[in-house]
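Colleague: Any chance you could fold what I've pasted below:
(chains A and B)
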Protein chains: 2
Amino acid sequence: MNRYEHLANVLGERIEQGLYPSGQRLPSVRMLSNEHGVSVSTVQQAYRMLEDRLLVEARPKSGYFVSASKRLPGLPAVCRTPQRPVDISQWDQVLAQITSRVIPGMIALGGGTPDLTLPSLRPLSRALVKVAQRTDLSALYYDLIDGSKELRDQIARLMIDSGSSIDAENLVITTGCHEALSIAIRSVCEFGDIVAVDSPSFHGAMQTLKGFGMKALEIPTDPVTGISIEALEMALEQWPIKAIQLTPNCNNPLGYNMPDERKKALLRLAQCYDIAIIEDDVYGDLAYQYPRPATIYSFDDDGRVLLCSSFSKTLAPGLRMGWIAPGRYRDRALHMKYIGTGASATHPQLAIADFIKEGYYQTHLRRIRQQYQQNLCVMTDWVIRYFPEGVRVSRPQGGFLLWVELDEKIDTQKLNRLLEPEKIQISVGSIFSASGKYRNCLRLNYSQLDEKIHEPAIKRVGEVIHQMMENG
Amino acid sequence: MNRYEHLANVLGERIEQGLYPSGQRLPSVRMLSNEHGVSVSTVQQAYRMLEDRLLVEARPKSGYFVSASKRLPGLPAVCRTPQRPVDISQWDQVLAQITSRVIPGMIALGGGTPDLTLPSLRPLSRALVKVAQRTDLSALYYDLIDGSKELRDQIARLMIDSGSSIDAENLVITTGCHEALSIAIRSVCEFGDIVAVDSPSFHGAMQTLKGFGMKALEIPTDPVTGISIEALEMALEQWPIKAIQLTPNCNNPLGYNMPDERKKALLRLAQCYDIAIIEDDVYGDLAYQYPRPATIYSFDDDGRVLLCSSFSKTLAPGLRMGWIAPGRYRDRALHMKYIGTGASATHPQLAIADFIKEGYYQTHLRRIRQQYQQNLCVMTDWVIRYFPEGVRVSRPQGGFLLWVELDEKIDTQKLNRLLEPEKIQISVGSIFSASGKYRNCLRLNYSQLDEKIHEPAIKRVGEVIHQMMENG
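Modeller: Predicted coordinates:
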C-alpha cells in the first residue's frame, strides 16, 4: 500500500466513524502533512482518492470538506434500458410539470430554476435598464442571425475555462439552450433517425427528438462516471445511430462529471463510427471543482461535436439566452436557427454581454457555486433524515439537482398526486426516460433552500412515501 | 349611369388629367355634395368606386387623397407558377439578405424593419426599464410555456379589431412571428407533406417549409385580390395538399388585402378538402383602412385556421415577440413550442403588455399607419420618376413594402451585385418564390424615408437598371 493510500484509509475510517461530521471542513493539507510526516503532495493524493470515493469534496480556495453525509446512502442503480430505439413517450407528464410550475403557492421541489435573488445578480437588472435606455434604440432592432458580436466575443472568452479556444464566428446565439439543442438535433438528424442518449436524460432534449420524429436509444449510465462507453459501442455495432446526445458535465439529473478519459474515449468512438455528438453543457459552469471540467467539445478536432449551452442556469432563465457551437455543421445550424425563430432577441444579448464584460459573471458564479455546494449537504441530509431507509441518492459534482431513487414499489407519479392537495410537487423520474423507466425516482432542486419552507416540505414528502410503503 | 358613377367618372378624369396631383387631398365630401348638388352618401359611393379603381385613397380622419400617382404604372403580372409541388431553393440568397442587413453604411432598401425612431414608441423603452427594475425580479423567471397571462389578455383584446373574439387561453406567445409560423407548420404537417402557398410569398415561411422537409405548391396570386381560389381548387383536386399558408392582409410582398368574400371562399374550400390554413397576419394591424381588415381566422368556426402574428412590424423586431392562435391544434402547438425554444422570454412580454394596457399601442399604430401611407406615395413617385418606363408596381393597402416588377431582361440578383460597391441593396424577387421565379422583381421598404439618403439611392438604382437595359 502506498503512503497516500494508507493516509486515505485512515482519514476515510475517521469519516465513516463520524469523527468529522457531514459538511465539516477537514484538516488542511499542510496540517496533515505535519501530523503524518508525509509530503504535501501525498496528502493531496490521499484527498483526491477520498474525493473519488465521494467521501470528501474540494471547495475552491476553502479546502476539503466531508461530503453531504458521512454515511451516504447507496448510489442510484444503473438502469437496464430497453436496448432498442424507442418512440419517446411521457409528453403528458412533461407538460404537467412545465405548466404547474407557476400555480400560486405551489412548492415546486423539482423544477430547474436557479436562485435569482442573490445580490451578485443585481448588476444584470441594471444592465437591462441601461440597454433599454440607450438612445440608439439598439434593443429594438433586429440582430444578426447568429447573434450580437459583443455577446459572442464574451462567450468565446468564457469557453476558455472549459478548455476551448473558439472564434466568435463559430458561435450562434439562441433562444435558450432548448433552441440550441433543437438546432443541433435538426442539424445532424432527419425524421426517423436514431439518437443514442444517456439514461436518465434531460426530458426537454428527449421531447425535442420526439417532436422531430426521431427515436431514442437509451444507453446505461453510471451515476458517477456517466454513459457506458462499452454499452454505447455495442449499440453502435447494432444500430444505425446518427448522433449521441448527452450532458457529460454536472449531468441533469444525476449530477456527475464524466472523467476526461471517458470523454475522450466517447469522442474516439464517435470518430470511429463517424457520428455527431450533441453535448449539453448548460450546467457546466456550475461545477463545484476548480477549474471547471473540460467539455467533449474541447477535445474535438474534426468538428463533430455540437456544444449547446445557455445562461438559464447560471444567470436567469427568463431571458432565454443560449448558444450553440455547431462545429462543422455551422451552415445547417444557421438555416435551422433562421427557420425556427429568426434572429434572437437583441436586448438581453447586449445586457448579458455588458454584465460579463464588467466581471460580474465570474463573481456571481463563485457565489452561487458555493451556495449550491452547501445546499447539497443540507438537502442530502434532509433526504436521509426523512425518507425511508434504503433510499439511494446521487452525488452531484455541480449544479443544483439531486436524483433520488426510492423503493421499487413507489410510483412517483402517484406520489405527486398524493402531494397535490398539500401544494407540494416533485419532478417525476419517468420523464427522464424515453421508455418510461425511473418511475420510482424523483428529482429535487436545492438551488434555494429556506428551512421554514423546504425542510417541512421534504419531511412531508418523506411521510407520504412512508405511508405508500406501508400501504404496499 | 347612376349619379355616383357619373360623379366618379368626373373626378376620375380630373385626376387622370393631372388636375389633382398625386398625393394631394381631394375636396371634402360635404364640399362635393354642395358643388354637384348630390347627397353626401352619393359622394361617398363615388369615392369608394375610385378607391376600387386605385385612383383614390381614404385616410382615417383626413379624407380622400389622390393615390401615389395619377398615372400609376401597371400592376405586377400574375405569375405562371410550376403547377406542381417543388423543393424550395433560394436559401443562399435569403442568407445573403439576412446577413448583409447590418453591414455598416449599407443602405438596405429592401429589409423588413419598421420605423423605430418615432416618439410614439418611446413609452416602450420606458416599459422595458420599468420591468427590469421590478423588485420581484419577474423579468428573470421562467414564464409559462404558453406565455404570460398579462400579454395574452392584451392580445385577445387587440384581436377584436380583426373580428375575433378569442379567449386568452387559446393563444400561445412565441419568439416572433417566425416561431409562430414554424410551430404552425409543424403542428399540421409532417416531413414530405405538400403545402400550398401564395406566390410571391414570404421567404421566411417558405424557408421554414424547406427546413422541415415539406414541399411548396405555388398558387397564382392576383396583386389586388390575392391567391386565386380557382387555381387553388384545381391544385387541391390534383395533389394531397395538407395546408394552405398565406398572408391575406397587407400581404408581403404585394401589399393587397384579400376581399372578405374571397377569404370566406378560401375557408369553405379548406373545409371542403379538410385541410388547415396557416394565416400570417404580421402586417395586418398596419392596414391603411379603418377598421383594419378581418382575418380568415375570424370567420373560422371549426378551428382549422392557425393565426400567426407578432409585434415585429408594429413595434420592434428586436424584442422577438409574437403569438399563435392555433385553433384546434393547441396541444400539438404547445408541444412544438416546448421543443423549439421552451418558454418565451419574460421581460419583453411584461413590457409589451404594459405598453398596450396604457393605450400606447393604438396611439403608435395611428401614427405609423399615417406615415407609411404618406411614404407609399413618395416611394411610388420616386420609382415612376427614376425607373425605366414599363415598370410595374404594387398598390399596398397597408404595411411598408413595395413590390416592383422590371423588364423581363433584368435580373435583380445581378442588379444587387452592381449596387454593392455603392453600398445600396434591394431585396431580390427570387427569394419570394419556391421555384426561383420573380428574378426581374424587387422589394422596397418605405417605412422611413429620408430624402437626402433614400431619393438618391432609388435614383441610383434606377440608373443602374437603365444601364442594364441598354447593355441588353
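Colleague: Could you list the contact residues of the stretch 301-450 of chain A toward chain B?
Modeller: A:315-320, A:334-336, A:338-348 (C-beta under 8 Å from any C-beta of the partner chain). For the C-beta atoms, the positions are set from N, CA and C on the backbone; glycine is no exception.
Colleague: what kind of secondary structure is A:Thr117 in?
Modeller: Put simply, A:Thr117 is coil when judged by DSSP: H, G, I helix; E, B strand; the rest coil.
Colleague: these two touch, right, it and A:Asp450?
Modeller: No: if you go by C-beta atoms under 8 Å, A:Thr117 and A:Asp450 don't touch, sitting 10.6 Å apart.
Colleague: okay, now A:Leu137: neighbour count?
Modeller: Applying other C-beta atoms under 10 Å in any protein chain shown, we find 17 residues neighbouring A:Leu137.
Colleague: Look up the closest residue to it, ignoring the ones flanking it.
Modeller: B:Leu116 (5.4 Å; C-beta to C-beta, 6 or more residues apart in numbering or on different chains).
Colleague: just checking, the one you found touches A:Ser138?
Modeller: No: in this structure, B:Leu116 is not within contact of A:Ser138 by C-beta under 8 Å, at 10.0 Å.
Colleague: With neighbour numbers in mind, choose between those two.
Modeller: A side-by-side neighbour count of B:Leu116 and A:Ser138, using other C-beta under 10 Å, places B:Leu116 first with 20 against 17.
Colleague: pLDDT score for that one?
Modeller: pLDDT, B:Leu116: 96.
Colleague: same check, this time on A:Gln17
Modeller: So, for A:Gln17, pLDDT stands at 67.
Colleague: swap in A:Leu95?
Modeller: At A:Leu95, the pLDDT value in this model is 79.
Colleague: And for A:Val86?
Modeller: 88.
Colleague: Need the residues that contact the helix or strand of chain A with the lowest mean pLDDT.
Modeller: When the helices and strands of chain A are compared on mean pLDDT, DSSP states H and E, helix A:91-100 comes out lowest with a mean of 76. Defining contact as C-beta atoms under 8 Å, 6 or more residues apart in numbering or on different chains, one finds that helix A:91-100 is touched by A:106, A:108, A:110-111, A:203-204, A:207, A:210, A:413, A:425, A:427-428, A:430-431, B:144-145, B:334-335, B:338, B:343.
Colleague: what's the pLDDT at the residue of the stretch 351-472 of chain A found nearest chain B?
Modeller: The minimum distance from the stretch 351-472 of chain A to chain B, using C-beta to the nearest C-beta, falls at A:Ala351 (8.3 Å). Among the per-residue scores, A:Ala351 holds a pLDDT of 97.
Colleague: Pull the contacting residues for it.
Modeller: A:124, A:127-128, A:130-131, A:319.
Colleague: Could you dump these into a markdown table and include neighbour count?
Modeller: Output for those, formatted as a markdown table (neighbours: other C-beta atoms under 10 Å in any protein chain shown):
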| residue | neighbour count |
| --- | --- |
| A:Leu124 | 27 |
| A:Ala127 | 22 |
| A:Leu128 | 28 |
| A:Lys130 | 16 |
| A:Val131 | 23 |
| A:Leu319 | 26 |
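Colleague: Closest to chain B out of the residues you listed?
Modeller: For those, the nearest to chain B is A:Leu128 (3.8 Å; C-beta to the nearest C-beta).
Colleague: any idea how far B:Gln349 is from that closest one?
Modeller: Note on A:Leu128: its distance to B:Gln349, by C-beta to C-beta, to the nearest Å, is 14 Å.
Colleague: Beta-bridge partners for the residue nearest to A:Ala325 when sequence neighbours are not counted, please?
Modeller: The shortest distance from A:Ala325 to any non-neighbouring residue, by C-beta to C-beta, 6+ apart, is to A:Leu307 (4.2 Å). With DSSP bridges as the criterion, A:Leu307 is bridged to A:Glu279, A:Ala325.
Colleague: Correct me if wrong: A:Leu307 contacts A:Glu279.
Modeller: Yes: A:Leu307 sits in contact with A:Glu279 when judged by C-beta under 8 Å, with a separation of 5.1 Å.
Colleague: any residues in contact with both of those two?
Modeller: A:295-297.
Colleague: Make CSV out of those and add neighbour count, distance to chain B and secondary structure.
Modeller: Listed next are the shared contacts of A:Leu307 and A:Glu279 as CSV, based on neighbours: other C-beta atoms under 10 Å in any protein chain shown; distance: C-beta to the nearest C-beta, whole Å; DSSP: H, G, I helix; E, B strand; the rest coil:
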residue, neighbour count, distance to chain B, secondary structure
A:Thr295, 23, 22, coil
A:Ile296, 27, 23, coil
A:Tyr297, 26, 22, helix
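Colleague: all helices of the stretch 51-200 of chain A, in order?
Modeller: A:91-100, A:122-133, A:149-158, A:176-188 (DSSP state H, counting those that start in this stretch).
Colleague: What helices and strands are in contact with the third one?
Modeller: Judged by 3 or more C-beta pairs under 8 Å, 6 or more residues apart in numbering or on different chains; DSSP states H and E, the packing partners of helix A:149-158 are helix A:346-357.
Colleague: tell me which residues in the helix it packs on are buried?
Modeller: A:346-356 (16 or more other C-beta atoms under 10 Å in any protein chain shown).
Colleague: which SSE is the closest residue to A:Tyr283 other than its chain neighbours in?
Modeller: Leaving out its chain neighbours, the residue that sits closest to A:Tyr283 by C-beta to C-beta, 6+ apart is A:Cys250, at 3.6 Å. Assessed by DSSP states H and E, A:Cys250 sits outside every helix and strand.
Colleague: what's the answer for A:Ser309, then?
Modeller: strand A:305-310.
Colleague: same check, this time on A:Leu269
Modeller: In this structure, A:Leu269 sits in helix A:260-272 according to DSSP H and E.
Colleague: and that helix with strand A:305-310, angle?
Modeller: 130 degrees (axes from the mean of the first three to the mean of the last three C-alpha atoms, to 10 degrees).
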